[in-house]
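K.L.:
Predicted structure and sequence below. I'll ask about it afterward.
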Amino acid sequence: MWQLNLPAYKFRIINKSEKPFIFDNIRKKYVALTPEEWVRQNFIQYLITEKKYPSSYIAIEKQLKINGLNKRYDAVVFNRNFDPIIIIEFKAPTVTLQQSVFDQVATYNLKLNVGYFMVSNGLDHYCCMLDKTNSKYIFLNGVPDFDSFL
């Protein structure tokens, strides 16, 4: 698999019609193992294992309707009241994380109105807080533990 800047985790991977599929513990099904999916599975496992995010508070690939268009976010983390608190966008390791990626997350936030964004391509990870007063991102030093949102 692709080498990422995350701890190594064990996953259930199978082949169907000569294509790899990975078991997604959140969605409870096998999904096509693309480079972006590899990043998603590893980063979600990092959040659960290292940062103590409850898996039941993470939603993956849900549809949103924004300005009449159907959009699909990569992942959203909810708090204990089931309010969305973090939008996460994943890209393949070959994709450079640039402004357009953050703009994509900001579009989803028109509907979700969260205070935090995370973006990862498996090599680089960014977590930022949205300063709504000044309409800018404040980049954090690393990914916060789930308890910091309580």
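P.N.:
Yep, that arrived. Residues are numbered from 1 along each chain as shown.
K.L.:
Can you give me the neighbour number for A106?
P.N.:
A count of nearby residues for A106, using other CB atoms under 10 Å, gives 15. C-beta: built from backbone N, CA, C; applies to glycine.
K.L.:
show me the contacts for it.
P.N.:
F117 (CB atoms under 8 Å, 6 or more residues apart in numbering).
K.L.:
same check, this time on C128
P.N.:
102, 116-118, 137-140.
K.L.:
I'd like the distance between D124 and N79.
P.N.:
Between D124 and N79 the distance is 26 Å, computed by CB to CB, to the nearest Å.
K.L.:
tell me the phi and psi of the residue with the largest distance to the centre of the chain?
P.N.:
Residue farthest from the centre of the chain, counting by CA atoms, centre = their mean, is S17 at 27.9 Å. S17 adopts backbone torsions of phi 50, psi 40, taken as degrees, to the nearest 10.
K.L.:
Just the pLDDT at it, thanks.
P.N.:
What the model reports as pLDDT for S17 is 92.
K.L.:
need the contact list for it.
P.N.:
Going by CB under 8 Å, 6+ apart, S17 touches no other residue.
K.L.:
What of the one 10 residues further on?
P.N.:
Listed by CB under 8 Å, 6+ apart, the contact partners of R27 are 60-61.
K.L.:
Assign it to helix, strand or coil.
P.N.:
Here R27 is recorded as coil under DSSP: H, G, I helix; E, B strand; the rest coil.
K.L.:
what about the residue lying closest to L130 once chain neighbours are set aside, neighbour count?
P.N.:
Take L130 and drop its neighbours on the chain: the residue closest to it by CB to CB, 6 or more residues apart in numbering is G115, 5.5 Å away. By other CB under 10 Å, 15 other residues sit near G115.
K.L.:
my guess is G115 contacts D131, does it?
P.N.:
No. Using CB atoms under 8 Å, G115 is not in contact with D131, being 9.3 Å away.
K.L.:
For stretch 1-17, C-alpha coordinates in CSV please.
P.N.:
The C-alpha trace of stretch 1-17 is given here as CSV (Å, rounded to 0.1, in the frame of the first residue of the first chain):
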residue,chain,number,x,y,z
MET,A,1,0.0,0.0,0.0
TRP,A,2,0.9,3.6,0.0
GLN,A,3,3.3,4.8,2.7
LEU,A,4,1.6,7.5,4.8
ASN,A,5,2.7,9.9,7.6
LEU,A,6,0.5,8.0,10.1
PRO,A,7,0.9,5.0,12.4
ALA,A,8,0.6,1.6,10.7
TYR,A,9,-2.8,-0.1,11.2
LYS,A,10,-4.1,-3.5,10.2
PHE,A,11,-7.1,-3.6,7.9
ARG,A,12,-9.2,-6.3,6.3
ILE,A,13,-8.5,-6.2,2.5
ILE,A,14,-10.0,-8.5,-0.1
ASN,A,15,-10.0,-8.7,-3.8
LYS,A,16,-13.2,-8.7,-5.9
SER,A,17,-12.8,-9.1,-9.6
